[in-house]
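In: my questions are about this predicted structure, shown below with the sequence.
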Amino acid sequence: MLELVKAGGWPMIPLLLLSLVALAIIVERAWTLRRAAVLPPGLGKEVRAWAGRGKLDPAHIESLRRTSPLGELLAAALDVRNRPRDQVRERIEDVGRHLVHRMERFLNTLGTIAAAGPLLGLFGTVVGMIQMFLVIGDQGIGDVNQLAGGIGKALVCTATGMIVAIPALMMHRWFRGRIGEYIVTMEHEAIQLLDTLEPAGRPAPGPAPATRKAPARAGA
């Protein structure tokens, strides 16, 4: 492995740094985006049970907000539970956008690494080929086997760039898909909570006002 790094020359240094950054992001996002951490099992059902029993004091809602992203979304819905349904939905969508931004943290960096890896590998190969042709210009072709070995060493950077980029691209797409799945589930839980709150939280329509009869005209 060390011999391959030496063969690639100095362009291998940024590729190795990118691989370390990509690995750190993948491990951190995999831990942060665990399903149990984002969507605690049974939390939506538990909150609906609280709402049904009327246990919606501010301290309870604040405690819910700190549990997980799902808890934060449900708490945001409970904060405005007495407003019209369309305003509650707007609040849910607004908080959902903030949660998506938070869950996608570092994913742009991971996508950039996936795109830049092959380009850096190609750059290292071009640098190696330029150096080789400069030597040929000064000393001639010389030994063909040595020339072939030099070309092989120059291609080490291209291979390394692909090795860095392929896992980064796969994990970037996987994380994006997982976040999209989480958001759909969270919105579904929030709508179910709204359906639970609506009978108790919305005032029932009152009886229609009685129609006053017009007074009879004199002489009728």
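Out: Happy to help now that I have it. Keep in mind that this is a model prediction, so the values were computed, not measured.

In: quick one: average pLDDT of the helix or strand where Glu189 lies?
Out: Using DSSP states H and E, the element containing Glu189 is helix 156-201. Averaged over helix 156-201, pLDDT sits at 87.

In: and that helix, what other elements does it pack with?
Out: helix 2-8, helix 12-32, helix 43-53, helix 69-79, helix 85-103, helix 107-139 (3 or more Cβ pairs under 8 Å, 6 or more residues apart in numbering; DSSP states H and E). Bear in mind the C-beta positions are built from the backbone N, C-alpha and C, glycine included.

In: Arg65: how many residues sit nearby?
Out: Other residues lying near Arg65 total 16 when counted by other Cβ atoms under 10 Å.

In: what pLDDT does it get?
Out: 89.

In: likewise Ala216?
Out: Ala216 is given a pLDDT of 49.

In: so Arg105, which of the three states?
Out: Classification of Arg105 by DSSP: H, G, I helix; E, B strand; the rest coil places it in coil.

In: wait, what's in contact with it?
Out: Arg29 (Cβ atoms under 8 Å, 6 or more residues apart in numbering).

In: and it, its phi and psi?
Out: Dihedral pair for Arg105: phi -60, psi 140, per degrees, to the nearest 10.

In: circling back: so for Ile191, which of the helices and strands packed on helix 156-201 sits nearest?
Out: For these, the distance to Ile191 is smallest for helix 85-103, at 8.1 Å, taking Cβ to Cβ.

In: helices or strands up against that closest one?
Out: With contacts taken as 3+ Cβ pairs under 8 Å, 6+ apart, helix 85-103 sits against helix 69-79, helix 156-201.

In: Phe180: neighbour count?
Out: You called it Phe, but residue 180 is Gly. Neighbours of Gly180 (other Cβ under 10 Å): 12.

In: from Met103, how far off is it?
Out: 10 Å (Cβ to Cβ, to the nearest Å).

In: hmm, back to that, dump the helices and strands packed on helix 156-201 into TSV; add mean neighbour count, mean pLDDT and distance to Ile191 as well.
Out: Formatted as TSV, the helices and strands packed on helix 156-201 follow (neighbours: other Cβ atoms under 10 Å; pLDDT from 0 to 100; distance: least, Cβ to Cβ, whole Å):
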stretch	mean neighbour count	mean pLDDT	distance to Ile191
helix 2-8	14	65	54
helix 12-32	16	92	25
helix 43-53	16	85	10
helix 69-79	22	89	9
helix 85-103	15	89	8
helix 107-139	16	82	27
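
In: export those helices to a markdown table and tack on distance to Gly161?
Out: Below are the helices and strands packed on helix 156-201 laid out as a markdown table (distance: least, Cβ to Cβ, whole Å):
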| stretch | distance to Gly161 |
| --- | --- |
| helix 2-8 | 10 |
| helix 12-32 | 6 |
| helix 43-53 | 43 |
| helix 69-79 | 35 |
| helix 85-103 | 28 |
| helix 107-139 | 2 |
